[in-house]
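> output the structure for:
(chains A and B)
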2 protein chains.
Amino acid sequence: MCQATKYLVKTKTLNDLGEAGIIQLIQGKGPARLPSHLKKGIGDDCAVLQTTGDRVLLVTTDTLIEGIHFTVELLPPEALGWKALAVSISDIASMGGTPHTAFLSVGMKPETEVSFIETFMAGFQALAGRTDIVLAGGDTVESPSSAVITVTLLGDCLPEHVVYRSGAVVGDDVWVTGPLGNAAAGLFLLLNKKASELSGYETIVLAHQKPTPRLNTGKALGKSGLAHAMIDISDGIAKDLGHICEQSGIGALLKTASIPMSEEIQRLGSEVEKSPLEWALHGGEDYELLFTASPAHEEKIMSLTAEVSGSPATKIGTIIPEDGIWLETDKGKRPLQPGGYVHF
Amino acid sequence: MCQATKYLVKTKTLNDLGEAGIIQLIQGKGPARLPSHLKKGIGDDCAVLQTTGDRVLLVTTDTLIEGIHFTVELLPPEALGWKALAVSISDIASMGGTPHTAFLSVGMKPETEVSFIETFMAGFQALAGRTDIVLAGGDTVESPSSAVITVTLLGDCLPEHVVYRSGAVVGDDVWVTGPLGNAAAGLFLLLNKKASELSGYETIVLAHQKPTPRLNTGKALGKSGLAHAMIDISDGIAKDLGHICEQSGIGALLKTASIPMSEEIQRLGSEVEKSPLEWALHGGEDYELLFTASPAHEEKIMSLTAEVSGSPATKIGTIIPEDGIWLETDKGKRPLQPGGYVHF
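Coordinates of the predicted model:
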């Protein structure tokens, strides 16, 4: 390459590459064959390790960075501690597992007030206590600017109860637990309304700040053998269902009218002239579960999910052979573009 | 409290609390009793979990933050990738374990060049390949300013081969593998000399940039049952031996003349009029192992360590009942103040 041409070539950055490209790059060619102890590596909510004994080990790691994933204004320290653990619990839940041991790495500025860490830990330990998780280690480091939180969570599961992203088959129903879009609408509220205007919207603010991962539902579904594929909704249904489609080699057709939405986000949508469906499809951070199952088991799924969580899961669509995710609306069928949270 | 007094009280920050205080705060009161699966929680190089089967699981997490733990000028991306994994391998080695599965969380600015991640991963995978570690997952996120790397490493060990910090007994010899101070002297060189002036000092620059954790020695010592207590030297011998003393409830007396130092740091010390002993005692980042053992096993330890690593470990002192770490010099006995790397 001549010098002139060389300087015309723009250096490729992570921004150009996108998240999928970066993961590809980090994954590299990978080992030709996974080592025998690793049943699943990169590419699901958790890695699955066959260590010794009859249960497999599930491992997930999530990093939250101030200014990217949270700001102190929108997420007070107690909620941050809760949420930092909740997102990892949700990953274990989406595989059908039971979390047991957490590792917490915290990077903070030296001038951070001690009370910040105290309330952060109170939030973390409140959820840990409720879910029988023990904090077993971690790292505390100085961070020059943004606070950085990394949680690694370990759990276990009988190997036959683990639910992967890759098991969806054509004809399966697509299900979600709980209403969708609450967390995104809660974030919208926090960004656009004063504290005094949040009355009547407490549920959706809480959905953003202190999500409750669907641990019992995930475990029950794993144990039942009813779910063919499962994922948690962290980046928005469009993107997360996309992962199931890619890994199962299928597509999905969703019925707009079936997407479960809370009364609050519909009311808020009217009030601020925003589409609640956009929050539900693309919002992300709901930490509900999305799974597929045979239509023959519809009633079993309704009763099982109602029994464990108090309200039944909602059937929102069907797995189809055609690639991509399609939306059946009253105006016909249109492709659903992935519009979830893009990390890069 | 009256308002006037209130405003005179300085808000307590993490800086005031120090690292030990922060760990105390994060640890909290902790569970009254560790849950049955957790043999060791916070307070050693790794957590030790009795999951299922006959081997225990070792877990360690380390975070490196740009501007605090490294700069790109002093640690090129390939060395950064290597070192990010090396520090965690060293933690597993210091417990006598065998690492097998890594999780890598990377936070980078969007404008980071792709080639940076490529060479970073090349360094990481070079060490992973050499030590039979598989990368099984992680997280990739955007970081607004500093790059942030968190590695969680899993390993295993037979429970009877795990070496804790807490097993040192009065009368034990204190041993270290390899020379001390190379990494600190290497960092001094990189900070104070031009690249053209590093000739003849390649070993110590490499000790800072691409340390080789003492994995085989750690495993062999664990398996032999000879080491009573063990730790890796990450923060400087004064601080790390201090952890063994605290957790074993003993003290130590070191002989200055016995501290092993390379010819390079002695030569560099003369050249720049710095004390090589200061680098050796307080420098940190050597990732050598420090362990204690019965004097009856001196010869066995010499031959075992020589057999596994090519050079025997060095006996540098004795475990004493008196608290603290003491230095026996040609001018008499003086207390060794912890002067290792302080995280806050």
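> A:Pro76 contacts A:Phe116, correct?
No: A:Pro76 lies out of contact with A:Phe116 (Cβ atoms under 8 Å); the separation is 9.5 Å. All C-beta atoms are positioned from the backbone trio N, CA, C, and that covers glycine.
> ramachandran coordinates for A:Leu304?
Torsion angles at A:Leu304 (phi, psi; degrees, to the nearest 10) stand at phi -60, psi -50.
> quick one: it from B:Leu74, how far?
Using Cβ to Cβ, to the nearest Å, A:Leu304 is found at 56 Å from B:Leu74.
> tell me which parts of the stretch 151-300 of chain A are close to chain B?
A:Thr152, A:Leu154, A:Asp156 (Cβ under 8 Å from any Cβ of the partner chain).
> the helices in the stretch 1-150 of chain A, which residues?
A:3-8, A:14-27, A:77-93, A:114-130 (DSSP state H, counting those that start in this stretch).
> buried deepest among the ones you listed, which one?
Each of the helices of the stretch 1-150 of chain A was scored by mean neighbour count; the highest is helix A:77-93, a mean of 26, by mean count of other Cβ atoms under 10 Å in any protein chain shown.
> residues of stretch A:126-145 that come out buried?
Within stretch A:126-145, the residues scored as buried using 16 or more other Cβ atoms under 10 Å in any protein chain shown are A:127-128, A:131, A:133-143.
> in a markdown table: those, plus distance to chain B and pLDDT.
Shown next, in a markdown table, are these (distance: Cβ to the nearest Cβ, whole Å; pLDDT from 0 to 100):
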| residue | distance to chain B | pLDDT |
| --- | --- | --- |
| A:Leu127 | 14 | 97 |
| A:Ala128 | 10 | 95 |
| A:Thr131 | 12 | 96 |
| A:Ile133 | 9 | 94 |
| A:Val134 | 5 | 91 |
| A:Leu135 | 7 | 92 |
| A:Ala136 | 4 | 91 |
| A:Gly137 | 4 | 89 |
| A:Gly138 | 5 | 86 |
| A:Asp139 | 5 | 87 |
| A:Thr140 | 5 | 88 |
| A:Val141 | 5 | 89 |
| A:Glu142 | 5 | 90 |
| A:Ser143 | 5 | 91 |
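> thought A:Ser303 was touching A:Pro312?
Yes: the criterion here is Cβ under 8 Å, and A:Ser303 meets it with A:Pro312 at 7.4 Å.
> which two in the buried residues of stretch A:126-145 are spaced the farthest apart?
Within the buried residues of stretch A:126-145, two members stand farthest from each other by Cβ to Cβ: A:Thr131 and A:Glu142, at 29.9 Å.
> where are the low-confidence patches of the stretch 1-150 of chain A?
Where the stretch 1-150 of chain A drops to pLDDT under 70, the residues are A:1-10, A:29-33, A:52.
> give me the number of residues near A:Glu299?
9 (other Cβ atoms under 10 Å in any protein chain shown).
> okay, and it sits in which element?
Using DSSP states H and E, A:Glu299 sits within helix A:298-309.
> contacting residues around the nearest residue to A:Pro295 once chain neighbours are set aside?
Counting by Cβ to Cβ, 6 or more residues apart in numbering or on different chains, A:Pro295 lies nearest to A:Asp173, which is 5.2 Å off, once chain neighbours are set aside. Residues near A:Asp173 by Cβ atoms under 8 Å, 6 or more residues apart in numbering or on different chains: A:Thr292, A:Ala293, A:Ser294, A:Pro295, A:Glu298, A:Ile301, A:Lys315, A:Gly317, A:Thr318, A:Ile319.
> for A:Asp173, give me phi and psi.
Torsion angles at A:Asp173 (phi, psi; degrees, to the nearest 10) stand at phi -80, psi 150.
> helix, strand, or coil at the spatially most central residue of chain A?
Centroid check for chain A by Cα atoms, centre = their mean gives A:Ser234 as the closest residue, at 2.5 Å. Assigned with DSSP: H, G, I helix; E, B strand; the rest coil, A:Ser234 falls in the coil class.
> roughly how far apart are it and chain B?
Per Cβ to the nearest Cβ, to the nearest Å, A:Ser234 is found 11 Å from chain B.
> okay but that residue is in contact with A:Val87, surely?
Yes: at 6.6 Å, A:Ser234 and A:Val87 qualify as touching, with contact defined as Cβ under 8 Å.
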